[in-house]
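Undergrad: Predicted coordinates and the sequence they were generated for:
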Amino acid sequence: MKVILCLCFFLTLQKPMILFDFNAQSELRNWVIVDDVVMGGHSTGSFSLTPEGHGLFKGQISLENNGGFSSVRYRFDSKTVGEFTKVKLRVKGDGKSYQFRVRSSAGDSHAYVATFKTTAA
């Protein structure tokens, strides 16, 4: 599984707020992998930069021990996005469906979830 991410918030008539723009010198320390191992599963994931400077998320999903997920999260300071109406993701993938989740606060247990299908790269 390969997913390449570029995250942007857009307001229709204003300049976009880019949350992360991948390039060959991108710092990945705020990108964190969370797998089902946090609840006893056996799935694994990794996140790295390609030589071209794209973010590359890879994972192996295991259904053992009621597992079944691998995720990559970007941790950043809260942003004021009240006037923004859209989120734009640029993703190349493997043709499978994935989820984009966003929270109002890092401590929230609930999230806005949008499922999207990738096109095979």
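TA: In hand now; what should we look at?

Undergrad: CA only for contacts and neighbour counts going forward, please
TA: OK.

Undergrad: So what sits opposite Y74 in the bridge?
TA: Using DSSP bridges, the beta-bridge partners of Y74 come out as W31.

Undergrad: Thought N30 was touching it, still the case?
TA: Yes. Using C-alpha atoms under 8 Å, Y74 is in contact with N30, at 5.7 Å.

Undergrad: Which of the two has more residues huddled nearby?
TA: Comparing Y74 with N30 by other C-alpha atoms under 10 Å, the one with more neighbours is Y74, at 13 against 10.

Undergrad: Could you tell me the per-residue confidence at the more buried one?
TA: Here, the pLDDT recorded for Y74 equals 92.

Undergrad: which residues of this structure score low on pLDDT?
TA: Counting by pLDDT under 70, the chain shows low-confidence ranges at 1-14, 121.

Undergrad: now I18, what's its secondary structure?
TA: The assignment at I18 comes out as strand when based on DSSP: H, G, I helix; E, B strand; the rest coil.

Undergrad: ok, how many other residues are close to it?
TA: Burial of I18 is recorded as 13 neighbouring residues (other C-alpha under 10 Å).

Undergrad: Wait, a strand at V37?
TA: No. Counting by three-state DSSP, V37 is not part of a strand but helix.

Undergrad: Now do the contacts for it.
TA: Shown in contact with V37 (C-alpha atoms under 8 Å, 6 or more residues apart in numbering): S43, T44, G67.

Undergrad: try 7 Å
TA: By C-alpha atoms under 7 Å, 6 or more residues apart in numbering, the contact set of V37 is S43.

Undergrad: ok, now how distant is it from S97?
TA: As judged by C-alpha to C-alpha, to the nearest Å, V37 and S97 stand 21 Å apart.

Undergrad: Right, I'll call it a day here.
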